[in-house]
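Pasting the sequence and the predicted coordinates here, then a few questions.
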Amino acid sequence: MGLNLFRALWSYRYFLFTSILADFRNRVLRSRLGFLWIILAPLSQVLIYAFVLSSLMSQRLPGIESSFSYAIYLMSGFQAWLLFSEIITRSITVFIDNGNVLKKISFPRTILPIVVVSTSLITNLIFLALVLAAFTLLGFRIGWNIFWLPVMMLINVAFAAGIGLIAGILNVFIRDIGQLTPILMQFLFWFTPIVYIITILPETFQQIVMLNPMFWIVDGYHRVMVYNEAPLNAPLIGIFLVSLAILAMAFWLFRKASPEMVDAL
């Protein structure tokens, strides 16, 4: 399966590249502000939380030598969450949105989720450039452990892509999945220490939050970008291995469901 997949993708490599480029252009050219929406939408969320909670949380962030410590912590957490949430959100409807294309053109259908992941990575890298520029303007020095960030992004993408692909396949046959996902994402967001730190929670609730895989992924981003520490630990490595297993299961499910997907669209 894996070897055949890579052979198919290589045969359609130009189609894949042009699809990624076209998807990104469509997102940029769809509105008058175009490229700015990639920056303004996530930045507005960061500014709202920073404005509302900065005075409360800044005093609770030890180890960050900056008067803008909460903003730095917040941007690092959003860097992780935005990549995860965009892959999940777009994967849910990727087959439904491209139903007409699937019915009319013959190509490896795995290209569609790959396009989603690729364009999500591009927009996330743009946001990262903005975050690093903001760190510099705020006088925050980034340490050498920032070079662990690609590893964290790989773990994040593997986890999100596996879940997103499974949900996207199921959504073709059970449309309630698409309605339920935004609700679950809201719960997951607040169960992930992005706008707060875990130490403000009661100890019992901390143990519950630590069961959330996104806690460890976001924690890894915080270690790399904020505290200049190596991110790898046993739970994070375990999440990466589980993510690979979920990805394998997603591709197996995709292979089984693919013949019926076009009829269901």
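Sure thing, it's come through.

Quick one: residues contacting residue 160.
Residue 160 is in contact with 83, 84, 87, 88, 91, 117, counting by C-beta atoms under 8 Å, 6 or more residues apart in numbering. For glycine as for every other residue, the C-beta is placed from the backbone atoms N, C-alpha and C.

got it, and residue 82?
42, 124, 127.

For the first one, which non-adjacent residue is spatially closest?
If I follow you right, that is residue 42. Sequence neighbours aside, residue 82 is the residue nearest to residue 42 in space, at 5.2 Å (criterion: C-beta to C-beta, 6 or more residues apart in numbering).

one step back: what is the lowest-pLDDT residue among the contacts of residue 82?
Within the set of the contacts of residue 82, pLDDT is lowest for residue 42 (76).

give the contact list for it.
By C-beta under 8 Å, 6+ apart, the contact list for residue 42 reads 78, 82, 127.

Assign a three-state SS to it, would you?
Counting by DSSP: H, G, I helix; E, B strand; the rest coil, the backbone at residue 42 sits in helix.

same thing with residue 193?
Residue 193 carries the three-state label coil when classified by three-state DSSP.

Looks like it contacts residue 217 (just checking).
No. Taking contact to mean C-beta atoms under 8 Å, the distance of 11.0 Å between residue 193 and residue 217 leaves them out of contact.

quick one, which of these two is more surrounded?
The neighbour comparison of residue 193 against residue 217 (other C-beta atoms under 10 Å) goes to residue 217, with 27 against 22.

Now the helix or strand hosting that one - C-alpha only, PDB.
Following DSSP states H and E, one finds residue 217 within helix 213-225. Once side chains and other backbone atoms are set aside, the C-alpha atoms of helix 213-225 remain, and they are given as PDB (Å, rounded to 0.1, in the frame of the first residue of the first chain):
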ATOM      1  CA  PRO A 213      -2.700  14.500  23.400                       C
ATOM      2  CA  MET A 214      -2.800  18.200  22.400                       C
ATOM      3  CA  PHE A 215      -1.600  19.200  25.800                       C
ATOM      4  CA  TRP A 216       1.700  17.500  25.100                       C
ATOM      5  CA  ILE A 217       2.000  18.900  21.600                       C
ATOM      6  CA  VAL A 218       1.300  22.400  22.700                       C
ATOM      7  CA  ASP A 219       3.600  21.900  25.700                       C
ATOM      8  CA  GLY A 220       6.400  20.900  23.300                       C
ATOM      9  CA  TYR A 221       5.900  24.200  21.300                       C
ATOM     10  CA  HIS A 222       6.000  26.100  24.600                       C
ATOM     11  CA  ARG A 223       9.200  24.400  25.600                       C
ATOM     12  CA  VAL A 224      10.900  25.100  22.200                       C
ATOM     13  CA  MET A 225       9.700  28.600  21.600                       C
END
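
about what we covered before: could you dump the contacts of residue 82 into a markdown table with distance to residue 149 added?
Below are the contacts of residue 82 laid out as a markdown table (distance: C-beta to C-beta, whole Å):
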| residue | distance to residue 149 |
| --- | --- |
| 42 | 17 |
| 124 | 11 |
| 127 | 13 |
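
ok, of the residues you listed, which one's closest to residue 206?
The shortest distance between residue 206 and any of the contacts of residue 82, using C-beta to C-beta, involves residue 42 and amounts to 27.0 Å.

Among the contacts of residue 160, which lie within helices?
Here DSSP state H is the test, and those give 83, 84, 87, 88, 91, 117 as lying in helices.

For the closest residue in space to the last one that isn't next to it in sequence, list the residues it contacts.
Closest residue to residue 117 apart from its sequence neighbours, by C-beta to C-beta, 6+ apart: residue 161 at 5.4 Å. In this structure, residue 161 makes contact with 87, 91, 113, 117, 247, 250, judged by C-beta under 8 Å, 6+ apart.
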